[in-house]
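J.: Take this sequence and fold it.
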Amino acid sequence: MATTLKTNRPSPNPLAKFWRKNSQNILPPIVGILGFLIVWQICSMTGLIKLPPPTDLITNERTRIYLMYPFFNRGGTDVGLFWQAMASLQRVLIGYSLAAFVGISVGIIIGLNSFWNKALDPLFQFLRTVPPLAWVPLALAALQQNQPAALFVIFITSVWPILINTAVGVQQIPQDYINVRKVLQLAPQKFFLKILIPSALPYIFTGLRIAIGLAWLAIIAAEIVMSGIVGIGFFIWDSYQNNYISDIILALVYIGAIGLILDKLMAFVQTLIVKE
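T.: Numbering: from 1, shown residues only. Take a look at the predicted model:
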């Protein structure tokens, strides 16, 4: 009677399997970032640029505290970078939510009404080109307080891509859908939920994704000139005033990381909601 021997092969290491599958996507960014840091280090050490090298984030005692202890809170504006970033992010979410509500609502209205579209489009195109910093003194003069002024700057900067993209999305609804509405005599509510929103949703999310980046840029610009508030923008300006350049570099790392996360999060939500 013949017997067969079964060899028990060890199961592949999950980490090794993951690396084989994703190394081509992971390795190039790592090489690019390391190359950039090495060039920066060399240029700083040789005096080609006056900025401190990347290693200063560790060797500089003050910056090392902000790096290693992001959650400390000594009261007032003397808090860790986590709380600085969270204060800014909270303002961004409030202003951005207001911009999304107003932008989508007004965008639908002018998208459905050609008269209002022609009447307001030149004004919107004019206002959307004004940079965030230009709104700051006007907001402070009108509102007299830092917090409302910062929220207004976020709102006025981020509302335009949402509004314009929503209006374009509504205008791009296929004529066949409009004819179906007339033939079936759909109620406004059904037309809104079954035809208008699903058709315009890709355009709306395009505007929302652009706007979240602009909102994050706007709060940094607003906080830089608004003294005495907890926020990563004011932290950068205060560090510059005191010549803490390494602190500024660390804050920029926070800003870039949060901006990237916000963009990827919005893209993820879009994939969940918008059906191709």
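J.: Distance check, Leu51 against Ser44.
T.: According to C-beta to C-beta, to the nearest Å, Leu51 stands 6 Å off from Ser44. In this view, the C-beta of every residue, glycine as well, is placed from N, C-alpha and C.
J.: An error on my part: the question was meant for Gly231.
T.: 28 Å.
J.: swap in Thr59?
T.: 12 Å.
J.: repeat for Leu252
T.: 15 Å.
J.: With neighbour numbers in mind, choose between the two.
T.: Ser44 (17 against 13; other C-beta atoms under 10 Å).
J.: what helix or strand is the closest residue to the more buried one other than its chain neighbours on?
T.: Nearest non-adjacent residue to Ser44, counting by C-beta to C-beta, 6 or more residues apart in numbering: Pro53, 3.8 Å away. Counting by DSSP states H and E, no helix or strand carries Pro53.
J.: So for Pro53, what's the pLDDT?
T.: Here, the pLDDT recorded for Pro53 equals 83.
J.: Quick one: neighbours of it, just the number.
T.: Around Pro53 there are 17 residues (other C-beta under 10 Å).
J.: for the stretch 1-150 of the chain, what spans make up the helices?
T.: Ranges of helices in the stretch 1-150 of the chain, per DSSP state H, counting those that start in this stretch, are 14-45, 56-59, 61-68, 81-112, 114-127, 132-143, 146-171.
J.: now Ala222: how far from Ser158?
T.: For Ala222 relative to Ser158 (C-beta to C-beta), the value is 12 Å.
J.: same question, Gly111
T.: 19 Å.
J.: The two: which has the busier surroundings?
T.: Neighbours were counted for Gly111 and for Ser158 using other C-beta under 10 Å; Ser158 has more, 31 against 24.
J.: Hmm, the more buried one is touching Tyr96, no?
T.: Yes: counting by C-beta atoms under 8 Å, Ser158 does reach Tyr96; the two are 5.6 Å apart.
J.: and Gly169, how many neighbours?
T.: 24.
J.: got a list of what the nearest residue to it once chain neighbours are set aside touches?
T.: With C-beta to C-beta, 6+ apart as the measure, Tyr203 is the residue that lies nearest to Gly169, at 2.8 Å, once sequence neighbours are left out. Neighbouring residues of Tyr203 by C-beta atoms under 8 Å, 6 or more residues apart in numbering: Asn165, Thr166, Val168, Gly169, Gln172.
J.: Repeat that for Gly111.
T.: Asn117, Thr166, Ala167, Val168, Gly169, Val170, Gln171, Ala200.
J.: Glu223 versus that one, what's the distance?
T.: Distance from Gly111 to Glu223, by C-beta to C-beta: 34 Å.
J.: just Leu98 next, same as before
T.: Taken as C-beta to C-beta, the span from Leu98 to Glu223 is 18 Å.
J.: Thanks again, I'm all set now.
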